[in-house]
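S.K.: Take a look and give me a structure for this.
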Amino acid sequence: MIKFRSLNQSKDFVRILKKKRLHTKYFTIYFEKNLSKLNQYLNISFVMKKNIGNAVLRNKVKRKLKSAVQKIAREN
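M.R.: A predicted model of the protein is given here:
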């Protein structure tokens, strides 16, 4: 099962910015996966654009996206 790891330090975030990314009109997803035998994890970061709305709405969308990704990962 793939585990999600939070980005706790700025060096983690800087490292993930250089990895894979997916752009849409409203947000960008940066991600990195490590599927070694010992630990399988997915680092993921959602960056919202300001045209979505205020910070409360952007954070709400990020929480829903994170929840959707976790549900998909559990099914696989």
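S.K.: mind listing the strands for this structure?
M.R.: 3-5, 20-23, 27-35, 40-48 (DSSP state E).
S.K.: In its sheet, which strands sit next to the second one, and in what direction?
M.R.: Read it as strand 20-23. strand 27-35 (antiparallel) (DSSP bridges).
S.K.: For the strand it pairs with, list every residue counted as buried.
M.R.: 27, 30, 32 (16 or more other CB atoms under 10 Å). For glycine as for every other residue, the C-beta is placed from the backbone atoms N, C-alpha and C.
S.K.: Same list, those, but as JSON lines with pLDDT please.
M.R.: Formatted as JSON lines, these follow (pLDDT from 0 to 100):
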{"residue": "27", "pLDDT": "90"}
{"residue": "30", "pLDDT": "88"}
{"residue": "32", "pLDDT": "82"}
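S.K.: between those, which is closest to residue 51?
M.R.: Ranked by distance to residue 51 (CB to CB), the buried residues of strand 27-35 are led by residue 27 at 10.2 Å.
S.K.: Can you give me every residue that contacts that closest one?
M.R.: Shown in contact with residue 27 (CB atoms under 8 Å, 6 or more residues apart in numbering): 46, 47, 48, 49, 52, 61, 65.
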